Structure formats: structure tokens, C-alpha cells
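Visitor: Got a predicted structure plus its sequence, pasted below:
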Amino acid sequence: MNKTDFRHTVFSLSERLFPMVSRMLGSSANAEDAIQDIMLKLWEKRKRIADHPNIQGLVFSTARNHCIDILRKKTFTSQDASFQLEILTSENDSEELERKELTVIIKKIVASLPEQQREVILMRDLDGYEFTEIASAMQLKVEHVRVLLSRARKVVSVQLEKTYDYGRE
């Protein structure tokens, strides 16, 4: 694989990697450094990558594994970027307070999910990845990713319903 091929097939995916890497590592600065390391690692393996049947899947799984390695090696304190819900500004303070409360509740629910479900719901609903991209990154079948997402959303829904129905009887 030459420089032009690498740029078009591998390096062009770096922007798609950023949301996942940023969320996993907790900050944009760490994500930028990690993506550079990932691209260097892939560049060194460019001859083997050319023959790979699923280059996009290889790039996503390499990025995910690199982030996991970083998190295992370093125990730095990351920002709470596990679930970045955008809080809409509102003129009504009570609405804004409710949105902030909802954000905190959803963060707690998502944090309590099993690892695979948490990863799938974050990659799909927060990062916006397609099912095939998630399956490639997590080395799962697309059907399994759909099941994990469905179960995660069900848990979030049930927990939110329990939270908001509490004391309404």
C-alpha cells in the first residue's frame, strides 16, 4: 500500500475515529495524541493492511484496542465524558434544572450497564456509528450489536420510567 492509498483508505477514517477515541480517553487532547499513534501503528503495518478483507473494521478495532491499552497502562483521571448529553439552554430555569437532572440520571444508568451494552449504546447513540462499524470495532456480529443496543435502550427506558414514576401512586 503506497502513501496515496493509505491516505484514502485508512487516514480518511481518522475523523470518524475521533468521537469514540475522545469519549474513551476522556478529552480531545488525549484523543488527538492517540489517533496520531494509531495512524503511525497502521502506517507501519500498511503492507499487511492492503490484503485485509475489512480495512475499516481493522482501523476501528485497532483504535478501540489502543484506547483500552492506554486506559489499562495509565490511571489518569479523565473528565466525565462517558455520556455527553447536550444541555439545551432554556429561558425557564426549572426546565434547565430538569434537563440537568435527567442528564445525571441517564449518565448513572448508562454507567451501570454491562460493558458491551454500554459501549454499543455510546457508540451508536452518542458517536453516531453504523451497526457495521460498531460490529467491526468490537469484533461482534451485526445482529449481536443490534441485540445489545436493544437491551441497553430497554434498561435505560425501564430505569427512567422507575425514576419518574416513583411516588406517583
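Guide: That came in fine, so what should we check first? Every value quoted in this text rests on a predicted model; they were computed, and no experiment measured them. Numbers count the residues shown, from 1 in each chain.

Visitor: contacting residues around the lengthiest helix in the chain?
Guide: The single longest helix within the chain, with elements called by DSSP state H, is helix 142-165. If you take C-beta atoms under 8 Å, 6 or more residues apart in numbering as the criterion, helix 142-165 is touched by 105-106, 109-110, 113, 116-118, 120-121, 124, 131-132, 134-135, 138, 140. For the C-beta atoms, the positions are set from N, CA and C on the backbone; glycine is no exception.

Visitor: In helices, which of those residues fall?
Guide: Among the contacts of helix 142-165, DSSP H puts 105-106, 109-110, 116-118, 120-121, 131-132, 134-135, 138 in helices.

Visitor: now those: which count as buried?
Guide: Neighbour counting over the ones in helices among the contacts of helix 142-165 (16 or more other C-beta atoms under 10 Å) leaves 106, 109, 110, 117, 118, 120, 121, 131, 134, 135, 138 as the buried ones.

Visitor: surely the fifth one meets residue 110?
Guide: The one in question is residue 118. Yes: using C-beta atoms under 8 Å, residue 118 makes contact with residue 110 at a distance of 5.9 Å.

Visitor: now the angle from the helix or strand of the chain with the lowest mean pLDDT to helix 142-165?
Guide: Lowest on mean pLDDT, DSSP states H and E among the helices and strands of the chain sits helix 93-112, with a mean of 82. Angle, helix 93-112 to helix 142-165, by axes from the mean of the first three to the mean of the last three C-alpha atoms, to 10 degrees: 140 degrees.
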